[in-house]
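Engineer: the following comprises the amino acid sequence and a computationally predicted model.
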Amino acid sequence: MVKNGEYCGVSHGKVILIGEHSVVYDQPAIVLPLEEARMSVRLNPRLDNSIFIDCEYFCGLLRYAPDMLSNIRVLVDRLIYDFSLKNKGFDLIVRSGIPHERGMGSSAAVAVATVRAVAKFAGRALSFKEEFEYSQIAENIAHSTASGLDSAAVASHSAVWFQRSVEISTFAFHTDAVLVVADTGITGSTREAVSDVRSLLKSYDPNVSRETWSHIHRLGQLSYESADALRANSIHDLGENMNEAQRILSSLSVSHPALDCCIHAAHVAGAVGAKLTGGGRGGCMIALAQSASYAQRIRKALAQAGAIHTWLVPLESKGIQ
């Protein structure tokens, strides 16, 4: 046990390239790490056995934290038990560069960063699987039965192929393309959007239900086709897949006027493809640029269209942890 010093756990945000909403119904999704949007948790040992937390929502003893932090409280209690840290006190200082409620994985990111900081303090080296499983303890409290998509993506430095109950893996590809991520500044409503899609699937109108299921299955097929396009460095095909996915998501009523405005602006500026990312009804969108120079042009256009922040994601993946 190291008793002095400072221990830091870092994670990052994520964006769903393709597979929103269909992933809820066991279809695959492709998720990319957004490493420019970082989350850090710094752990400072204390001389007593108190556990303090300092974050944007609360500063004080963790056991007195509000219910919105119950996921972190339960996670820390589990880590203390598993890592034999009883009677070891520390401060957790949380600093986030990930916008909240934008579908970028902020709650999973703080869980992973917390796990990494406490593991360092305990002198434990954790595998990707272990980090994922600990993060899910917090995510299942924050989001009821969390799929695991966010936990996997924010713990990985590679693209993640995610299919609930089937497969979570990373895969490799290299392109010259760049993904431009833009935040509309509007809080998303993932829970409401998912609920509304579920209502369409259960509609008493058989035509509505049948069409919605067809959309869900097509979104899953687009994930397979997009993985092939990435491996083949076929940016045009990937862009067409993104555009089709956006048309489907719009027909499911999970887009938003601010998202539509940014998507239109991206196309005008030369984007090969553009779509919402995440649950929709606000939040973020992504645009596919065929080169770094196009990415800068699109980034400027998105700012002019009202985006409050943009990030650039090189479209490549090593495929290893």
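Structural biologist: It's in. As the structure is a computational prediction, the values presented were derived from the model and not from experiment. Numbers count the residues shown, from 1 in each chain.
Engineer: and after the helix or strand that residue 226 is a member of, which helix or strand comes next?
Structural biologist: Using DSSP states H and E, residue 226 sits within helix 206-231. For helix 206-231, the following helix or strand on the C-terminal side (DSSP H and E) is helix 235-251.
Engineer: what does that following helix contact?
Structural biologist: 17-18, 20-21, 175-177, 215, 218-219, 222, 225-226, 228-230, 255, 260, 263, 271-276, 280, 286, 288, 290 (CB atoms under 8 Å, 6 or more residues apart in numbering). Bear in mind the C-beta positions are built from the backbone N, C-alpha and C, glycine included.
Engineer: between helix 206-231 and that helix, find me the angle.
Structural biologist: 160 degrees (axes from the mean of the first three to the mean of the last three CA atoms, to 10 degrees).
Engineer: looks like residue 166 contacts residue 26 (just checking).
Structural biologist: Yes - if you go by CB atoms under 8 Å, residue 166 and residue 26 touch, sitting 6.8 Å apart.
Engineer: which one's more surrounded, those two?
Structural biologist: Ranked by neighbour count (other CB atoms under 10 Å), residue 166 and residue 26 place residue 26 first, with 13 against 10.
Engineer: quick check: closest non-adjacent residue to the more buried one.
Structural biologist: residue 164 (5.5 Å; CB to CB, 6 or more residues apart in numbering).
Engineer: ok so, going back, flag every buried residue along the helix holding residue 226.
Structural biologist: Buried positions in helix 206-231, judged by neighbour count with 16 or more other CB atoms under 10 Å: 211-212, 215-216, 219-220, 222-227, 229-230.
Engineer: which of the residues you listed sits closest to residue 182?
Structural biologist: residue 226 (19.7 Å; CB to CB).
Engineer: so that closest one makes contact with residue 29?
Structural biologist: No - using CB under 8 Å, residue 226 makes no contact with residue 29, being 9.7 Å away.
Engineer: what do the two both touch?
Structural biologist: 17-18.
Engineer: and for residue 108, the neighbour number?
Structural biologist: Quick note: residue 108 (other CB under 10 Å) scores 31 neighbours.
Engineer: helices or strands next to the helix or strand in which it is found in the packing?
Structural biologist: For residue 108, the element it lies in under DSSP H and E is helix 106-122. The helices and strands touching helix 106-122, judged by 3 or more CB pairs under 8 Å, 6 or more residues apart in numbering; DSSP states H and E, are strand 7-18, strand 29-45, helix 70-82, strand 90-96, helix 128-142, helix 149-154.
Engineer: same thing but 6 Å
Structural biologist: The helices and strands touching helix 106-122, judged by 3 or more CB pairs under 6 Å, 6 or more residues apart in numbering; DSSP states H and E, are strand 7-18, strand 29-45, helix 128-142, helix 149-154.
Engineer: to residue 314, which of those lies closest?
Structural biologist: strand 29-45 (9.7 Å).
Engineer: buried stuff in that closest one?
Structural biologist: Neighbour-count burial for strand 29-45 [16+ other CB under 10 Å]: 29-35, 37-45.
Engineer: before we move on, what about stretch 191-210?
Structural biologist: 193-194, 196-197, 200-201.
Engineer: okay, and which of those residues map to helices?
Structural biologist: Using DSSP state H, the members of the buried residues of stretch 191-210 that fall in helices are 193-194, 196-197, 200-201.
Engineer: from the residues you listed, which single one is nearest residue 52?
Structural biologist: Of those, the one sitting nearest to residue 52 (CB to CB) turns out to be residue 194, at 35.0 Å.
Engineer: just to revisit the earlier point, closest to residue 74 among the ones in helices among the buried residues of stretch 191-210?
Structural biologist: Nearest member of those to residue 74, counting by CB to CB, is residue 194, at 23.5 Å.
Engineer: and the closest one, how close does it get to residue 188?
Structural biologist: 11 Å (CB to CB, to the nearest Å).
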